[in-house]
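**Student:** Return atomic coordinates for the entry below.
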Amino acid sequence: MDWDWSVIVEYKDLFIRGLLVTIELTVVAVAVGMVIGITSGFMRISRNKWFIPAKLYVDLFRGTPLFLQILFFHFAVLPTLAETFGLEAPDAMISSFVALSLNSGAYIAEIFRGGIQSVDQGQLEAARSLGMTYPQAMWHVVLPQAFKQMLPPLGNEFITLLKDSSLVTVIAVNDITYAAFVTAKNTFVRWAPYVTAGLMYLVLTTILSQMVSYLEKRFQTNRY
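**Tutor:** All right, here's what the predicted structure looks like:
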C-alpha cells in the first residue's frame, strides 16, 4: 500500500477546488430541487388532469440512473438545444446542475407529497370551516405539520445528493472525486488520494447529518 501523503500537499489546490465545486453543486441542486420538488409535489396531490406530466416526470427521474441522466443531458439534450437556438454548448458544470437538480426535484416531490398526505385530512377541513382559504389552510395548518414528517427524508435526500454528486466526475467536472482521480493518475499513488477524497466526503456528510439532527430536535414535539 502506498501512503505517500506528500502528493496530497502537492495537489492541495486541486482538492480545495474539488471541495468548493462539490459544495457548490450540492447547494445549487438542493435549492433548485426544492423549488421543482415542492411545485411537482403540489401537482402530484392535485386532481387536475393537466398535472399528470408531474407524475411522468417523477417516475422518469426516479426510475432511471442518475449516471445516465448526467450523460444524457451533457452529451445529448443540452448540446441539441444549444445547436437549435444558436448558443454555445453548455459546459460540464451547467450539465451537472441540470441533471442533479432535476433528479433531486423528483425525489423531493415524493417526499413533499407523502408529508402532506400524512397530515389528517380533517385538519384541512377544520381550517377551511374557520374561513381560511385553501392556500391559507395549507400554509398555516398543513405544511407546518407536514414539514416535521418531511425533515428526516429530506435530510437523507440531501446527504445522498452530496455523495451522488461524485458521478459528475464522468464528464470531467473538477469535484472531489475528480481531484483524487487526477492525483492518482499523475502520481501513480493510489491509496492517499482516494482515502483523502473519502475523508472529505465523510466530513461533509457528517456536518450535514448534524445539521439535520439539530433541526429534527428543534421541531420535535410530544406526540402524546
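**Student:** can we go C-alpha only for contacts and neighbour counts from here?
**Tutor:** Will do.
**Student:** Next SSE downstream of the helix ranked longest in the chain?
**Tutor:** Taking DSSP state H as the criterion, the chain has its longest helix at helix 12-45. Moving toward the C-terminus from helix 12-45, the next helix or strand (DSSP states H and E) is helix 52-63.
**Student:** Point out the other helices and strands that that following helix packs with.
**Tutor:** helix 12-45, helix 92-117 (3 or more C-alpha pairs under 8 Å, 6 or more residues apart in numbering; DSSP states H and E).
**Student:** Looking at these, which is nearest to Ser209?
**Tutor:** helix 12-45 (14.2 Å; C-alpha to C-alpha).
**Student:** Just want the angle from the closest one to helix 92-117.
**Tutor:** Put simply, helix 12-45 runs at 40 degrees to helix 92-117, going by axes from the mean of the first three to the mean of the last three C-alpha atoms, to 10 degrees.
**Student:** shaky segments in the protein?
**Tutor:** 1, 221-224 (pLDDT under 70).
**Student:** Leu151 contacts Glu216, doesn't it?
**Tutor:** Yes. With contact defined as C-alpha atoms under 8 Å, Leu151 reaches Glu216; the gap is 6.8 Å.
**Student:** Tell me which residues touch Lys163, please.
**Tutor:** By C-alpha atoms under 8 Å, 6 or more residues apart in numbering, the contact set of Lys163 is Tyr201, Thr205.
**Student:** Tell me how many other residues surround Gln220.
**Tutor:** Per other C-alpha atoms under 10 Å, the neighbour tally for Gln220 reads 11.
**Student:** How about it, nearest residue that isn't a chain neighbour?
**Tutor:** The shortest distance from Gln220 to any non-neighbouring residue, by C-alpha to C-alpha, 6 or more residues apart in numbering, is to Lys148 (7.3 Å).
**Student:** so which of the helices and strands packed on helix 52-63 gets nearest Asp175?
**Tutor:** From those, taking C-alpha to C-alpha, the stretch that ends up closest is helix 12-45, at 3.7 Å.
**Student:** And the closest one, what does it pack against?
**Tutor:** Using 3+ C-alpha pairs under 8 Å, 6+ apart, helix 12-45 sits against helix 52-63, helix 92-117, helix 143-164, helix 176-187.
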